[in-house]
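In: got a predicted model here, sequence first, then my questions.
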Amino acid sequence: MQDLTPDPQPAQNSRNTVLLTRRRMLYAGSGGLLLLALWSGGIYELARHPSGNASARNIAAPIAAPAPAGTDDFVPPPESSIPDGPDGAAIRRGMALFTEPRAHVPQYVGNDMACAHCHQDAGRKPFAAPMWAAWVAYPKYRSKNDKINTMEERIRDCFVYSMNAGASASGGPPPWGSPVYADMMAYFRWLATDAPVGQDMKGAGFLKLSVPTQGYDRERGRRIYEEQCALCHGSDGNGARGEQSEILFPPLWGARSYNWGAGMARVDRAAQFIVHNMPKGSEGSLTEQQAWDVAAWIDSQERPKDPRQTGSVEEAARRYHDKEESFYGKVADGHLLGAGL
Ligand code: HEC
Ligand code: HEC
């Protein structure tokens with residue numbers, strides 16, 4: 001077993017720190033949460049609402065990462081065009097489930113994640129695995145379970161792994177045939193209005209990257225993380241909550257994050273997401289090498305166990321993680337990764 005660089009854990013993030021860098025500023029005052037992050041691409045503000053609720057909102061025009069050259073972006077319909085009647089009601093329910101599953105179906109959510117934390121912009125954003133592109137691609141073969149997956153099975157998988165449904169009150173994802181799936185699918189079908197069926201759509205999935213010639217290095221990644229990510233996601237990776245306990249910034253590791261079986265727990269998948277979609281507000285500013293390194297730092301931290309693991313970590317590593325770019329089953333900082341939280 002390979003031992004990875006034993007480096008000290010970064011210092012705890014203090015909520016009452018003033019951090020000022022050239023591109024952004026975070027200020028958390030003692031009289032309540034006031035965070036302000038500034039950068040060249042826009043302004044993202046966490047402010048007190050008149051009601052007293054802290055909330056995250058974008059006060060500049062929506063931030064769009066520069067699209068890779070040659071992207072002929074599909075544009076899903078505006079929210080204002082959701083029809084009236086039963087179909088429209090299902091589409092709206094599906095959208096609400098997708099953006100705030102913890103509020104609507106807490107019994108199936110075992111962590112602090114929402115679908116839209118990864119499938120950004122409520123599942124609309126190209127190269128953040130958008131739902132319009134997914135809708136026209138299923139049913140489809142997946143090597144992960146070696147069979148044709150229906151859309152219901154694919155959604156269920158993100159509940160099991162990304163949302164860690166095993167740790168939820170019900171102990172699992174929505175049961176087969178649940179209206180949760182039907183409503184989400186109604187929403188995806190509507191997002192895909194006028195999309196060509198059976199063609200690979202530009203913007204589907206994530207940007208494809210290959211492992212850099214230098215490989216990836218979690219120590220280099222730690223430094224990038226501290227400089228560019230900890231501001232929002234916390235030095236401890238736990239993200240940040242508002243006064244009403246709402247999630248302002250989602251966790252990247254720890255007990256409330258995605259589990260070891262999730263796509264995002266793979267270094268390649270995380271790098272592909274990060275290179276185009278993070279750091280929020282300066283999307284696209286990281287080199288591919290930096291995206292791999294920071295992904296290695298995030299994905300070499302402990303998180304909830306892989307629900308497929310019934311025997312030892314070593315056995316699950318051979319069975320499920322063998323062909324992956326993953327730290328599962330490796331030792332970092334003297335700890336066997338995959339043991340779970
Ligand atoms: C922690 C991040 C994360 C969360 C949270 C998450 N997903 Fe995913 N999802 C992924 C990743 C990674 C993929 C794989 C994308 C790829 O391989 O290109 C994926 C893929 C998918 C796909 C297939 C996309 C495609 O193009 O094939 C669907 C559908 C999907 N997720 C639905 C959901 C739903 C519904 C939820 C909430 C219940 C959810 N996801 C929550 C990370 C996440
Ligand atoms: C200005 C705040 C901010 C910064 C800086 C930032 N993020 Fe994020 N990040 C977010 C928010 C907010 C989301 C949820 C998705 C959204 O709202 O677009 C998110 C989502 C994510 C996700 C998917 C959801 C999850 O919890 O796994 C990953 C992975 C991620 N960020 C990694 C990074 C990395 C790596 C960096 C540094 C290179 C970074 N982020 C910098 C705010 C930020």
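Out: Alright, I've got the coordinates. Ligands and ions are numbered 1, 2, ... in the order given.
In: near ligand 2, which residues of this structure? Just list them.
Out: Selection of the chain residues close to ligand 2 by CB under 6 Å from any ligand atom yields 37, 44, 117-118, 120, 228-229, 231-233, 249-252, 264, 270, 273-274, 278-281, 286, 294, 298. (Each C-beta comes from the backbone N, C-alpha and C, glycine too.)
In: which among those are in contact with ligand 1?
Out: When contact is defined as CB under 6 Å from any ligand atom, the residues of the chain next to ligand 2 meet ligand 1 at His117, Cys118, Met264.
In: assign the last one to helix, strand or coil.
Out: Of the three states, Met264 takes helix according to DSSP: H, G, I helix; E, B strand; the rest coil.
In: all strands of the stretch 101-250 of the chain, in order?
Out: In the stretch 101-250 of the chain, the segments counted as strands under DSSP state E, counting those that start in this stretch are 140-142, 147-149, 240-241, 247-249.
In: please name whichever of those strands is nearest to Arg220.
Out: For Arg220, the closest of the strands of the stretch 101-250 of the chain is strand 247-249, at 22.7 Å, according to CB to CB.
In: quick one: average pLDDT of stretch 88-100?
Out: The pLDDT scores in stretch 88-100 average 98.
In: against Ser235, how distant is the residue in the chain sticking out farthest from the centre?
Out: The centre of the chain is farthest from one residue, Gly85, which by CA atoms, centre = their mean lies 32.3 Å away. Gly85 is 49 Å from Ser235, where distance means CB to CB, to the nearest Å.
In: dump the strands of the stretch 101-250 of the chain into JSON lines; add mean pLDDT as well.
Out: JSON lines is the format used below for the strands of the stretch 101-250 of the chain (pLDDT from 0 to 100):
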{"stretch": "strand 140-142", "mean pLDDT": "96"}
{"stretch": "strand 147-149", "mean pLDDT": "98"}
{"stretch": "strand 240-241", "mean pLDDT": "96"}
{"stretch": "strand 247-249", "mean pLDDT": "97"}
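In: mind putting those in TSV, mean neighbour count included?
Out: TSV is the format used below for the strands of the stretch 101-250 of the chain (neighbours: other CB atoms under 10 Å):
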stretch	mean neighbour count
strand 140-142	12
strand 147-149	13
strand 240-241	18
strand 247-249	19
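In: could those go into JSON lines alongside distance to Gly172?
Out: Below are those laid out as JSON lines (distance: least, CB to CB, whole Å):
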{"stretch": "strand 140-142", "distance to Gly172": "20"}
{"stretch": "strand 147-149", "distance to Gly172": "18"}
{"stretch": "strand 240-241", "distance to Gly172": "25"}
{"stretch": "strand 247-249", "distance to Gly172": "22"}
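In: show me how the protein divides into domains.
Out: Domains of the chain are assigned by automatic domain parsing as 3-65+208-336, 79-191.
In: those domains: which one's closest to Gly198?
Out: Per CB to CB, nearest to Gly198 of these: domain 79-191, 6.9 Å.
In: what's the span of the closest one, first residue to last?
Out: End-to-end distance of domain 79-191 (CA to CA, to the nearest Å): 9 Å.
In: distance between it and the chain's centre?
Out: Centroid separation between domain 79-191 and its chain, computed with CA atoms, centre = their mean, to the nearest Å, is 13 Å.
In: can you check stretch 76-84 too?
Out: 25 Å.
In: kindly report the same for stretch 334-341.
Out: 21 Å.
In: same check, this time on stretch 290-305
Out: In terms of CA atoms, centre = their mean, the centre of stretch 290-305 is found 13 Å from the chain centre.
In: now stretch 251-259
Out: For stretch 251-259, the distance to the chain centre is 10 Å (CA atoms, centre = their mean).
In: how about stretch 308-327?
Out: 22 Å.
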